[in-house]
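Have a look; sequence and predicted model below, questions after that.
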Amino acid sequence: MKRELLDSNIYGKIVEKMDMDFVLNNLPKSNIIVYGSDVIRKELRDTPKEKIMITENKKTKIRILLLNIYDFIVKNHQLKTTDAVKKLADTYYVAYKKFNGLKPKEHIINDFLIVSTATLNKLDVVYSEDNKTMLGGEAVKSYELVNNITKLRTPKFKSYEEFKNEISKK
């Protein structure tokens, strides 16, 4: 079984592309276990309550939909932000600044917490569409540098389309 994590923007893509049925029907048949993190769940909870989408003449609150999808996919595979996760994320940030990363810590630390959670829990893949911060050049270099020094394996980073392709394999 592959052990993988979906960044919060992937849950948004599932809703945006109206792929809820596809993902919820195909994921259980795949060889993937999706893990979540308290950071990702909090980001989803921060979706404004008043955001709605209209499908088949029915109004649905996006926040509730995102959280329900997350809970269905992750089940009991929720990972916690430990002190070790925070320390590794802080080390990523120090390296990020050395690589001339421009984002202030408060704008990028959640991405580093997510990657450090995946790294320390030895997850295989992090799916994300966040090419500006989490997958930006300076950030990726910081993961590689820090993880090489600390002898940790950096998870692979893949896109939403790669996630869909992976779960559609039988």
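Everything's here; your move.

How about Asn121: what's its closest non-neighbour residue?
Distances taken as CB to CB, 6 or more residues apart in numbering place Leu79 nearest to Asn121, at 5.6 Å, with adjacent residues excluded. Where C-beta positions appear, they are placed from N, C-alpha and C, glycine not excepted.

Any chance of the backbone angles for that neighbour?
The phi and psi torsions at Leu79 (degrees, to the nearest 10) take the values phi -100, psi 140.

repeat for Tyr92
According to degrees, to the nearest 10, Tyr92 has phi -60, psi -40.

ditto for Val125
Torsion angles, degrees, to the nearest 10, at Val125: phi -140, psi 140.

and the gap between the residue nearest to Asn121 and Glu43?
14 Å (CB to CB, to the nearest Å).

Quick check: can you list the domain ranges of this protein?
The record's domain split for the chain, according to automatic domain parsing, is 2-79+159-168, 83-158.

what ranges do the helices span in this protein?
For the chain, the helices defined by DSSP state H cover 8-16, 20-26, 38-45, 62-74, 83-98, 105-120, 137-149, 160-168.

Mean neighbour count and mean pLDDT added to the domains of the chain, as a markdown table?
Output for these, formatted as a markdown table (neighbours: other CB atoms under 10 Å; pLDDT from 0 to 100):
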| stretch | mean neighbour count | mean pLDDT |
| --- | --- | --- |
| domain 2-79+159-168 | 16 | 95 |
| domain 83-158 | 18 | 98 |
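
quick revisit: just list whatever residues bridge to the residue nearest to Asn121.
Beta-bridge pairing for Leu79 (DSSP bridges): Ser37.

just checking, it touches Ile33?
No. Using CB atoms under 8 Å, Leu79 is not in contact with Ile33, being 11.7 Å away.

Same list, the helices of the chain, but as TSV with distance to Met53 please.
Listed next are these as TSV, based on distance: least, CB to CB, whole Å:
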stretch	distance to Met53
helix 8-16	7
helix 20-26	11
helix 38-45	15
helix 62-74	6
helix 83-98	33
helix 105-120	24
helix 137-149	31
helix 160-168	18
